[in-house]
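**Q** please work out how this folds:
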Amino acid sequence: AREFKMACALSLILSLAGFVRAIAFATPIPETIAVTSALSMIVFISICLGAILPLFLKKLGVDPAHSSTTIQVVMDILGVVLTVVVSTAVLDSPIGQELVAKLIGSQ
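**A** Take a look at the predicted model:
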């Protein structure tokens, strides 16, 4: 439960920081939404994975110290995949384009 709360808090903080940075550099709103959403998901998943993987490795009889390098590799790959999937969903899908149009139209 504590890790879940920490994942939510850090995702929110880093997403807000990413959003502010994107706005400061005049990134278009659709791209800002896509990148900020992907960032939030990546941070949340990495924290949850970082909490679970050592326990899983210990249960398998593997030294939990190996989890740090495993998490780095998995999150590098997963980060790229999540960014591509979220960006495609937000920027190229009809639903994503409709949602972005509603967000931009409401300003």
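
**Q** give the residue farthest from the middle of the protein.
**A** Using CA atoms, centre = their mean, the residue of the chain lying farthest from its centre is residue 61. It sits 29.9 Å away.

**Q** quick check: that residue vs residue 19, distance?
**A** Using CB to CB, to the nearest Å, residue 61 is found at 43 Å from residue 19. Bear in mind the C-beta positions are built from the backbone N, C-alpha and C, glycine included.

**Q** what about the residue nearest to residue 97 when sequence neighbours are not counted, neighbour count?
**A** Spatial nearest neighbour of residue 97, excluding adjacent residues (CB to CB, 6 or more residues apart in numbering): residue 91 at 7.4 Å. Per other CB atoms under 10 Å, the neighbour tally for residue 91 reads 15.

**Q** state the distance from residue 91 to residue 46.
**A** From residue 91 to residue 46 the distance is 23 Å (CB to CB).

**Q** repeat that for residue 77.
**A** 12 Å.

**Q** which of the two has more neighbours?
**A** Each of residue 77 and residue 46 has its neighbours counted (other CB under 10 Å); residue 46 has more, 19 against 10.

**Q** tell me which element that one is part of?
**A** helix 29-60 (DSSP states H and E).

**Q** what residues sit buried inside that helix?
**A** 30, 32-47, 49-50, 53-54, 57 (16 or more other CB atoms under 10 Å).

**Q** is residue 26 in a helix, a strand, or coil?
**A** coil (DSSP: H, G, I helix; E, B strand; the rest coil).

**Q** what's the burial count for it?
**A** Residue 26 has 7 nearby residues by other CB under 10 Å.

**Q** what of residue 3?
**A** Around residue 3 there are 12 other residues, counting by other CB under 10 Å.

**Q** go ahead and confirm it touches residue 47.
**A** Yes - using CB atoms under 8 Å, residue 3 is in contact with residue 47, at 6.5 Å.

**Q** okay, now the unreliable bits of this structure?
**A** Residue ranges of the chain with pLDDT under 70: 106-107.

**Q** go again using 90 as the cut-off
**A** Along the chain, segments meeting pLDDT under 90 span 1-3, 50-51, 62, 64-71, 96-107.
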